[in-house]
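Engineer: The following comprises the amino acid sequence and a computationally predicted model.
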Amino acid sequence: MTLAFHKLHGAGNDFVLLDLRRQNFELNAQQAAKMADRHRGIGCDQILVLREAQEKECVARYEIWNSDGSRAGQCGNGARCIGLYLRINDEIGDGEFSLESPSGIIRLKSCQDGEFEVEMGVPDFEPTSLPLKLSPEDGLYHLASPWGRLEFGAVSMGNPHALMLTNEISDEGIPEKGAFLSTHEAFPEGCNAGIAQIENRAQIRLRVIERGVGETLACGSGACAAVAILRLSGRVDDVVDVLLPGGHLVIKWPGDWQQLKMKGLADYVFKGKLNG
């Protein structure tokens, strides 16, 4: 069979999008991992599967598959890429619209400057929501590690996130530390591990090691989680520029259990066909 696909990215976080509203194909874990392989497949961080919406208020429904074939619950960069795909196909115009994500209905805004703003939900700091088998001490968690005692915050943005701070964002040991935290047994379902350097109250630098993927050039929900954790502890303001290796996102969160919003670009790379 021949399967049409689309390649997009948000701040370097790249995706293969399969619009299965128009094709008869069912993806499984083995196929997802093969498709995401950068040497023997198309190559991507994650695969986005677009389906017909089940809710009348939504334009479409989507699934997220990690590059190892596992499923993901949320992806802000992916949501923006879906928004761009829908806009290219004239399914949306400027203004607000809704999508069904694996974590529930999310609202997006197609902005006149070409960017997309996504309502990412209300941050959930309850350990059982991640889940996380630790109790916080003054809002932070601690784990013994080969590098000594690790201190981190944690939050669910529809998927589990942990955040550590560093004084040097270019530290070569960050991927190893992130992978240690991402796969630690304290997180029964794993987590996305972020490492942030605070530049000032309105700007941070961030690297994210994603569960089932590894380090990516950007992670939208990771940027949201980082700002939520830092905002709750009073370290940043309610609008923060997040500088990731692949680009720039703007995160807005006034706190007080309100919706957190993320704004940024999405880019269409190419369309292709996969024979198999």
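Structural biologist: In hand now; what should we look at? Numbers count the residues shown, from 1 in each chain.

Engineer: I figured Arg71 hits Ile64, correct?
Structural biologist: Yes. Using C-beta atoms under 8 Å, Arg71 is in contact with Ile64, at 6.7 Å. Just so you know, the C-beta spots here come from the backbone N, C-alpha and C atoms, and that holds for glycine as well.

Engineer: How much space separates Leu48 from Pro102?
Structural biologist: Distance from Leu48 to Pro102, counting by C-beta to C-beta, to the nearest Å: 11 Å.

Engineer: out of Arg71 and Ile64, which sits in the busier spot?
Structural biologist: Neighbours were counted for Arg71 and for Ile64 using other C-beta atoms under 10 Å; Ile64 has more, 21 against 13.

Engineer: isn't there a helix covering Val155?
Structural biologist: No. According to DSSP: H, G, I helix; E, B strand; the rest coil, the state of Val155 is strand, so it is not within a helix.

Engineer: what's across from it in the sheet?
Structural biologist: His161 (DSSP bridges).

Engineer: For it, give me the pLDDT.
Structural biologist: pLDDT for Val155: 98.

Engineer: helix or strand for Arg235, which one?
Structural biologist: Using DSSP states H and E, Arg235 maps to neither a helix nor a strand.

Engineer: Nearest residue to it in space, please, no chain neighbours.
Structural biologist: Counting by C-beta to C-beta, 6 or more residues apart in numbering, Arg235 lies nearest to Ile198, which is 6.1 Å off, once chain neighbours are set aside.

Engineer: who touches both of Leu48 and Pro102?
Structural biologist: Common neighbours of Leu48 and Pro102, using C-beta atoms under 8 Å, 6 or more residues apart in numbering, are 62-64.

Engineer: thinking again about what came up before, spit out the residues that contact Arg71 and Ile64 alike.
Structural biologist: Common neighbours of Arg71 and Ile64 (criterion: C-beta under 8 Å, 6+ apart): Pro102.

Engineer: the strands in the stretch 51-200 of the chain, which residues?
Structural biologist: For the stretch 51-200 of the chain, the strands defined by DSSP state E, counting those that start in this stretch occupy 60-66, 71-72, 95-101, 104-110, 116-119, 141-145, 148-156, 160-165, 192-200.

Engineer: Present these as CSV; the columns should include distance to Ser221.
Structural biologist: Shown next, in CSV, are the strands of the stretch 51-200 of the chain (distance: least, C-beta to C-beta, whole Å):
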stretch, distance to Ser221
strand 60-66, 10
strand 71-72, 9
strand 95-101, 10
strand 104-110, 11
strand 116-119, 10
strand 141-145, 19
strand 148-156, 10
strand 160-165, 7
strand 192-200, 7
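
Engineer: dump the residue contacts of His6.
Structural biologist: Applying C-beta under 8 Å, 6+ apart, the residues near His6 are 16-19, 85, 268, 270-272.

Engineer: from those, which ones fall inside helices?
Structural biologist: Judged by DSSP state H, the contacts of His6 include Tyr85 as members of helices.

Engineer: Just the buried residues of the contacts of His6.
Structural biologist: Buried subset of these (neighbour count, 16 or more other C-beta atoms under 10 Å): 16-19, 85.

Engineer: And the contacts of His6, which is closest to Met164?
Structural biologist: Ranked by distance to Met164 (C-beta to C-beta), the contacts of His6 are led by Val16 at 30.2 Å.
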